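> Kindly return the folded structure for what I paste below:
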Amino acid sequence: TERCFLAKHKLSIDKMETSDEEAPFGGTQLFNMRGIANAMHPLASGFDADKIKDELQKLGESLNCDIDLEDISSASLDSVGAA
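Numbering: from 1, shown residues only. Here you go, the predicted model:
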């Protein structure tokens, strides 16, 4: 299920920020969430980032929302936290 997605792939949430804004058309509120999920090292055998991206895309479609996943190195974590 959706709530087990991160655990299924042995990912954990390291950082999360939320906000809301008025939609440009229609005046409804849009909810935004940005976060960092980490995989434990060493990566589990069979860990497949492309498969996770595909599953997240399908999850987003089922929830009527956009979900993007990008691979970042630990060296760039500080810049994401500052955004």
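> Now do the lengthiest helix in the chain: everything it contacts.
Among all segments of the chain classified by DSSP state H, the helix with the greatest residue count is helix 49-63. Residues from elsewhere that reach helix 49-63 (Cβ atoms under 8 Å, 6 or more residues apart in numbering): 2, 5, 9, 11, 66-67, 69, 71. Any C-beta I mention is one placed from the backbone N, CA and C, and that applies to glycine too.
> from the residues you listed, which would you call buried?
residue 9 (16 or more other Cβ atoms under 10 Å).
> low-scoring stretches of this structure, by residue?
Residues of the chain meeting the criterion pLDDT under 70: 1-3, 73-83.
> can you pull out the strands in it?
Ranges of strands within the chain are 11-22, 29-39, based on DSSP state E.
> now the nearest residue to residue 47 once chain neighbours are set aside: how far from residue 49?
If the residues on either side of it in the chain are set aside, residue 47 comes closest to residue 39, at 6.6 Å by Cβ to Cβ, 6 or more residues apart in numbering. With distances taken as Cβ to Cβ, to the nearest Å, residue 39 is found 9 Å from residue 49.
> Comparing the two, which shows the higher neighbour count?
The neighbour comparison of residue 39 against residue 49 (other Cβ atoms under 10 Å) goes to residue 39, with 16 against 13.
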